[in-house]
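Q: here are the coordinates; sequence isn't available:
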């Protein structure tokens, strides 16, 4: 149980285009999902917290107009990298909390999406 | 501000030997603590977690961790390492609920296993 998927797992796009990454909780409902960014050989950096039916909360220094997050349902959150540039190339990982887990703070992680901007 | 420190960036261990990964946190209250493992190009898998109770926690794949409040530590151990344990390990701390259930990650420790 508690499986999170991401699509695509790997994407290459040209500079200036936009890319959408999907994060789905497959066997549970998630009112809260998180988006992380990971540079090579580095730790995870939280970008934003996505709450179903409301606006995402972005971490300091993360451009919300650049990284658009939509959490339209209890099982799906999307991250759109708009007008992507090579410096946006990174490994993006999402995670989700099961609504039934309380007071657990556990997050279930997706397999990640590698974005390369050329 | 709270922080999580993993002092060892790399650790090399022989197969069959014991492994200990260090994790220290700076936090006002007892946090919720986690250890995750990440294989190359993959997401994170939870090894174990501590919320309360017995300070020695058993996890998957033969790992265990001990919470020591006096030392603000949550070190991960495995008695006998297998080649498949080569990966990146992250310690994480959960913030208070009011802060949105966010996790703060340590910098990670890369484990290399020698045959």
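A: Cool, the structure landed. Given the structure is predicted, the values throughout are model-derived calculations rather than measurements.
Q: Below-threshold pLDDT in chain A: ranges please.
A: A:102-104 (pLDDT under 70).
Q: Identify the residues contacting residue B:113.
A: Residue B:113 sits next to B:12, B:13, B:14, B:15, B:81, B:82, B:83, B:85, B:86 when contact means C-beta atoms under 8 Å, 6 or more residues apart in numbering or on different chains. The way it works is simple: take the backbone N, C-alpha and C, and place the C-beta from them, glycine included.
Q: Could I get the phi/psi values of it?
A: Backbone torsions for residue B:113, taken as degrees, to the nearest 10, come to phi -110, psi 120.
Q: Residue A:87 too?
A: Main-chain dihedrals, residue A:87, degrees, to the nearest 10: phi -70, psi -10.
Q: Report the buried members of the contacts of residue B:113.
A: Of the members of the contacts of residue B:113, the ones counted as buried by neighbours, 16 or more other C-beta atoms under 10 Å in any protein chain shown, are B:13, B:81, B:85, B:86.
Q: ok, back up a step: max pairwise distance over the contacts of residue B:113: which two?
A: Farthest apart among those by C-beta to C-beta are B:12 and B:82. That separation is 14.6 Å.
Q: Pipe the contacts of residue B:113 into CSV and attach secondary structure per row.
A: CSV is the format used below for the contacts of residue B:113 (DSSP: H, G, I helix; E, B strand; the rest coil):
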residue, secondary structure
B:12, strand
B:13, strand
B:14, strand
B:15, coil
B:81, coil
B:82, coil
B:83, helix
B:85, helix
B:86, coil
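Q: from the residues you listed, which single one is nearest chain A?
A: residue B:86 (14.5 Å; C-beta to the nearest C-beta).
Q: coming back round to it: reformat the buried ones among the contacts of residue B:113 into a markdown table and put pLDDT and distance to chain A next to each item.
A: Shown next, in a markdown table, are those (pLDDT from 0 to 100; distance: C-beta to the nearest C-beta, whole Å):
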| residue | pLDDT | distance to chain A |
| --- | --- | --- |
| B:13 | 97 | 19 |
| B:81 | 97 | 21 |
| B:85 | 96 | 18 |
| B:86 | 96 | 15 |
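Q: List the contacts of residue 41.
A: You didn't say which chain, so I picked chain A. By C-beta under 8 Å, 6+ apart, the contact list for residue A:41 reads residue B:110.
Q: Not quite, go with chain B.
A: A:91, A:112, A:114.
Q: List only those of the residues you listed flagged as buried.
A: Buried among the contacts of residue B:41 by 16+ other C-beta under 10 Å: A:91, A:112.
Q: In helices, which of the contacts of residue B:41 fall?
A: In helices, defined here by DSSP state H, there are no members of those.
Q: contacts with chain B among the contacts of residue B:41, please.
A: Filtering the contacts of residue B:41 for proximity to chain B (criterion: C-beta under 8 Å from any C-beta of the partner chain) leaves A:91, A:112, A:114.
Q: Contact residues of chain A facing chain B?
A: So far as C-beta under 8 Å from any C-beta goes, chain A lies against chain B at A:4, A:6, A:32, A:34, A:41-44, A:46, A:49, A:57, A:91, A:93, A:95, A:97, A:103-112, A:114.
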